[in-house]
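> Take this sequence and fold it.
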Amino acid sequence: MTLKFYGNLLSQPCRAIFIFLKANQIPYEFKFIDMTKGEHLSEEYEKLNPLKKVPVIEDRGFILRESVGILRYLCREKKVQDHWYPTDSKQQAKVDEYLEWQHLDTRLNCAMYFQYKFLIPLLKSEPPNEKKVTEFERRMKTTLGLIENVWLKDTPYLTGNEITIADLLGACEIEQTRIAQYDARTEYPKIATWLERVRYDVNPYYDEAHGILNKMAGKSKL
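Next up, the predicted model:
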């Protein structure tokens with residue numbers, strides 16, 4: 001039975017899973033969830049995921065609803081190269097270190113900037129709350145500074161010398177802010193080099209995953 005992947009490529013974690021599945025040639029069936037039409041809130045989808053969010057995978061009847069858990073599961077259950085989530089305890093712990101940190105840093109702060117700068121004004125048809133935008137831009141840049149000067153200080157990837165699932169999740173979060181007309185590449189040279197390295201490692205799937213985002217980034221205005 002083919003793995004089912006429920007998602008939307010405007011979701012940062014969904015893009016990370018999409019890239020991972022493609023790069024590792026894991027067969028799957030993509031189930032697009034149109035969140036603009038509220039499909040994630042439907043009674044049918046709620047039966048699959050009571051949390052009413054994406055992504056979700058269903059693997060031979062086993063359902064998993066959280067992106068980090070999904071990626072860890074796929075690394076254990078599918079035939080993928082060890083570097084994605086190393087079996088060595090210490091190397092794996094370094095990946096886990098970032099994965100636990102990112103929830104309240106990369107993911108939270110980049111996502112909140114994106115929401116207050118772009119998404120909430122779009123949904124409400126009103127100007128951005130500049131106080132909120134300024135606050136979350138400050139928080140986001142604090143996070144980006146830590147990625148630049150701590151996580152990427154001595155290694156080409158976030159947790160070592162090879163690409164891992166941490167890099168996919170981190171890159172997809174940072175790319176999201178381009179829709180709100182902020183590109184971390186302009187201020188953080190190590191991040192810029194790292195993003196290009198991750199893109200090179202997994203292309204053409206990186207560009208495929210970010211196709212819609214790239215179009216929106218080109219059209220959105222401050």
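> so what are the domain limits for this structure?
In terms of domains, the chain is parsed into 3-82, 84-219 (source: automatic domain parsing).
> Can you add mean neighbour count and mean pLDDT and give those domains back as a markdown table?
Where C-beta positions appear, they are placed from N, C-alpha and C, glycine not excepted. Compiled in a markdown table, the domains of the chain are given as follows (neighbours: other CB atoms under 10 Å; pLDDT from 0 to 100):
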| stretch | mean neighbour count | mean pLDDT |
| --- | --- | --- |
| domain 3-82 | 17 | 96 |
| domain 84-219 | 18 | 97 |
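> Quick one: the strands in the chain, in order.
Assigned strands in the chain, in chain order: 3-7, 28-32, 56-59, 62-64 (criterion: DSSP state E).
> of all those, which lies closest to Glu187?
Closest approach to Glu187 among the strands of the chain is made by strand 3-7 (30.1 Å; CB to CB).
> Measure how that closest one sits relative to strand 28-32, angle-wise.
Counting by axes from the mean of the first three to the mean of the last three CA atoms, to 10 degrees, strand 3-7 lies at 20 degrees to strand 28-32.
> Mind listing the strands strand 3-7 pairs with, and their directions?
In the sheet, strand 3-7 lines up against strand 28-32 (parallel), strand 56-59 (antiparallel) (DSSP bridges).
> Tabulate the strands of the chain (TSV), appending distance to Lys47.
Converted to TSV, the strands of the chain look like this (distance: least, CB to CB, whole Å):
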stretch	distance to Lys47
strand 3-7	12
strand 28-32	14
strand 56-59	11
strand 62-64	10
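> Quick one: closest of these to Ile174.
Taking CB to CB, strand 3-7 is the member of the strands of the chain nearest to Ile174, at 19.0 Å.
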